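> Predicted model, plus sequence, below.
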Amino acid sequence: MRYSIQWCRSLIFNIQIYLALVLTAVVFLPWMIASKKGALGAIKFYSRYVLWTASWIIDLKTEIRGEIPQSSVIIAAKHQSFLDILMIYSVIPNGYFIMKRGLLYIPLFGQYAYRLGCIPVSRGKRGRAIFQMLKDVEKRKVTGGQLVIYPQGTRVAPGSRNPIKLE
């Protein structure tokens with residue numbers, strides 16, 4: 001019985017976060033088109049909304065430890081789920097991610113990622129992709145912000161030790 005209740009709560013949580021994602025993207029769209037601040041406002045609002053609903057719908061508590069970087073830094077994190085992206089974005093002031101190029105083609109999501117200055121990488125092109133990524137990061141440094149990169153290049157299970165992508 002307890003498992004069934006938790007399963008239902010998880011289902012409700014998942015449905016509502018994706019509905020909220022679409023709704024937030026549409027509501028903030030004019031502001032996002034007008035200004036990068038609009039895109040940043042949307043992701044901040046959505047990130048905090050998801051963490052808040054996670055705390056009371058599925059009783060998931062999140063914790064950020066340490067000093068939050070305000071200047072231009074590189075944040076290398078282990079990518080375990082969609083939630084870790086939202087946790088990082090909820091606290092950093094001006095973040096942008098290294099992301100796989102295919103995500104740019106998702107309606108609305110891709111436009112927001114582009115507007116935020118995320119750097120797309122063609123993962124299949126290896127050496128050429130790294131070279132292009134470094135050029136894009138160098139160009140992006142002018143505007144500053146916190147660069148978030150997932151060194152394993154994809155989601156990894158908690159506790160696993162996947163190698164870092166170096167080429």
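Looks like it came in fine.
> the helices in the protein, which residues?
Secondary structure of the chain by DSSP state H: the helices cover 2-34, 36-57, 82-91, 109-116, 126-140.
> other SSEs contacting the last one?
Here helix 126-140 touches strand 95-100, strand 119-121, going by 3 or more Cβ pairs under 8 Å, 6 or more residues apart in numbering; DSSP states H and E. No exception for glycine: its C-beta is placed from N, CA and C like everyone else's.
> which outside residues touch the last one?
Contacting residues not belonging to strand 119-121 are listed as 96-101, 103-104, 113, 129, 132-133, 136-137, 140 [Cβ atoms under 8 Å, 6 or more residues apart in numbering].
> looking at the chain, which helix or strand is least sure?
Confidence across the helices and strands of the chain bottoms out at helix 126-140, with a mean of 77, counting by mean pLDDT, DSSP states H and E.
> Tell me how many other residues crowd residue 86.
Residue 86: 19 surrounding residues under other Cβ atoms under 10 Å.
> Leaving aside the residues adjacent along the chain, what's closest to it?
residue 47 (4.3 Å; Cβ to Cβ, 6 or more residues apart in numbering).
> so who does the one you found touch?
Residues touching residue 47, when contacts are defined by Cβ under 8 Å, 6+ apart, comprise 86, 87, 89, 90.
> so which two of those are the farthest from each other?
Largest separation among those by Cβ to Cβ: 87 and 89, giving 7.5 Å.
> related to what we said a few turns ago, just the buried members of the contacts of strand 119-121?
96, 97, 98, 99, 113, 129, 133, 136, 140 (16 or more other Cβ atoms under 10 Å).
> Please name whichever of the helices and strands packed on helix 126-140 is nearest to residue 2.
With distances scored as Cβ to Cβ, the stretch of those nearest to residue 2 is strand 95-100 (37.0 Å).
> could you give the angle of that closest one to helix 36-57?
An angle of 80 degrees separates the directions of strand 95-100 and helix 36-57 when computed by axes from the mean of the first three to the mean of the last three Cα atoms, to 10 degrees.
> export strand 95-100 as PDB, just CAs?
The C-alpha coordinates for strand 95-100 follow below in PDB (Å, rounded to 0.1, in the frame of the first residue of the first chain):
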ATOM      1  CA  GLY A  95      24.900  29.900 -15.500                       C
ATOM      2  CA  TYR A  96      25.400  28.300 -18.900                       C
ATOM      3  CA  PHE A  97      25.900  24.600 -19.700                       C
ATOM      4  CA  ILE A  98      27.900  22.500 -22.100                       C
ATOM      5  CA  MET A  99      25.100  20.400 -23.700                       C
ATOM      6  CA  LYS A 100      24.600  17.900 -26.500                       C
END
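> Partner strands of it, with direction?
Strand 95-100 has the following strand partners under DSSP bridges: strand 119-121 (parallel), strand 146-149 (parallel).
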